[in-house]
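Undergrad: Here's a sequence, model it:
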Amino acid sequence: KHLHLSQDGPGHATLADPFGQFHTWLRCVFTQTLVRLCFCKRQVKGFHGLDSYRGWHSQSRTELDPDNAGVRKEKMNMTTISTTRGTSMSAVKKLVFSAAAIALATVTSYIKLWEMPMGGSITLMSMLFICLIGYWFGPKYGLLTGVAYGLLQFFIDPYILSIPQVLLDYPLAFGALGLSGVFHDKKWGLQIGYVIGVLGRFVCSTLSGVIFFADYAPEGMHPLAYSAAYQGSYLGVEGIITLIIISLPPVMKAMQLVKAQTKA
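TA: Numbering: from 1, shown residues only. The predicted structure follows:
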């Protein structure tokens, strides 16, 4: 159809056809919308899809929240989640290493180089594996691992006179091996810690001998001297052998590498 224009004044035109008026109005709306979109695109730099929308949304939220409290809270929540996840993984790693140490200590405790007539034996460095947990993770995990290992030894090969005797000979004596973690962050920490752990077990076993097995002491010999000599005869020999081996440069380097891996 033909459009009939009537001039109302300079720069103004009136459309006589209603369909033409609607077409012109629709075109103006489309043009204005396009101009606004272009303006918004110019205002939001780097507007490229969803990622830019997220950035624009964060910027708008920051403007609405001058103190940026919402953003800080979100970041704090994400940091808390990451820290919790890292802590859980670290705890799982320590649990796995501790379980492996208990298993290795149990197996090597049955590889006996010499067995004493009334209990105790020189084993294939079975005490070292418990001491390693203290050296790697500190005294807390070392003590817990030692106590668990002592209870396992009690269930496997129990010797019961009384509850105090059981406590001294099993959870306390083997738990004392975890004292190796006292110097876990020091130079020569493994060697020093191993000596302390073995001495802790020696003290507990000696007290048990004095209190509960004094009747076995030879006539004329003090029970303390007899118990100390008896316990030291096998604990001392195994301790010296183990110290020599873990002081070898290749072994020390390997232990340090494993410790670094446990902290990774």
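Undergrad: where exactly do the strands run in the stretch 51-200 of the chain?
TA: Taking DSSP state E, counting those that start in this stretch as the criterion, the stretch 51-200 of the chain carries its strands at 112-115, 121-123.
Undergrad: tell me the pLDDT at Asp67?
TA: pLDDT for Asp67: 55.
Undergrad: Report the beta-bridge partners for the spatially closest residue to Glu238 that is not a sequence neighbour.
TA: Spatial nearest neighbour of Glu238, excluding adjacent residues (Cβ to Cβ, 6 or more residues apart in numbering): Ile122 at 4.7 Å. Backbone N, C-alpha and C define where each C-beta goes, glycine included. Beta bridges link Ile122 to Trp114 when assigned by DSSP bridges.
Undergrad: pretty sure Ile122 is touching Gly239, no?
TA: No - applying Cβ atoms under 8 Å, one finds Ile122 not in contact with Gly239, separated by 9.7 Å.
Undergrad: Next, format the strands of the stretch 51-200 of the chain as a markdown table and append mean pLDDT, mean neighbour count and distance to Gln256.
TA: Formatted as a markdown table, the strands of the stretch 51-200 of the chain follow (pLDDT from 0 to 100; neighbours: other Cβ atoms under 10 Å; distance: least, Cβ to Cβ, whole Å):
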| stretch | mean pLDDT | mean neighbour count | distance to Gln256 |
| --- | --- | --- | --- |
| strand 112-115 | 94 | 12 | 27 |
| strand 121-123 | 96 | 19 | 25 |
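Undergrad: now for the ones you listed, which one comes closest to Val198?
TA: strand 121-123 (12.3 Å; Cβ to Cβ).
Undergrad: Residues touching the closest one, excluding its own?
TA: Residues from elsewhere that reach strand 121-123, judged by Cβ atoms under 8 Å, 6 or more residues apart in numbering: Thr108, Ser109, Tyr110, Ile111, Lys112, Leu113, Trp114, Glu115, Tyr234, Val237, Glu238, Ile241.
Undergrad: Just name the closest of those to Val258, please.
TA: Thr108 (17.2 Å).
Undergrad: tell me the contacts of that closest one?
TA: Residues in contact with Thr108 (Cβ under 8 Å, 6+ apart) are Thr123, Leu124, Met125, Ser126, Phe129.
Undergrad: Which among these count as buried?
TA: Buried residues within the contacts of Thr108, defined by neighbour count using 16 or more other Cβ atoms under 10 Å: Thr123, Leu124, Met125, Ser126, Phe129.
Undergrad: so how far is Ser90 from the first one?
TA: Thr123 sits 31 Å away from Ser90, taking Cβ to Cβ, to the nearest Å as the criterion.
Undergrad: Likewise for the fourth one?
TA: As defined by Cβ to Cβ, Ser126 lies at a distance of 27 Å from Ser90.
Undergrad: same question, Gly178
TA: Distance from Gly178 to Ser90, by Cβ to Cβ: 18 Å.
Undergrad: the more surrounded of these two?
TA: Taking other Cβ atoms under 10 Å, Gly178 and Ser90 do not tie; Gly178 has more neighbours (30 against 13).
Undergrad: Give the rounded mean pLDDT of stretch 128-146.
TA: On average, stretch 128-146 scores 96.
Undergrad: Just the buried residues of it, please?
TA: For stretch 128-146, burial by neighbour count (16+ other Cβ under 10 Å) applies to 128-139, 141-146.
Undergrad: Repeat that for stretch 90-100.
TA: Buried residues in stretch 90-100, counted by 16+ other Cβ under 10 Å: Lys94, Phe97, Ser98.
Undergrad: Then stretch 206-225?
TA: Thr206, Leu207, Ser208, Gly209, Val210, Phe212, Phe213, Ala217, Pro223.
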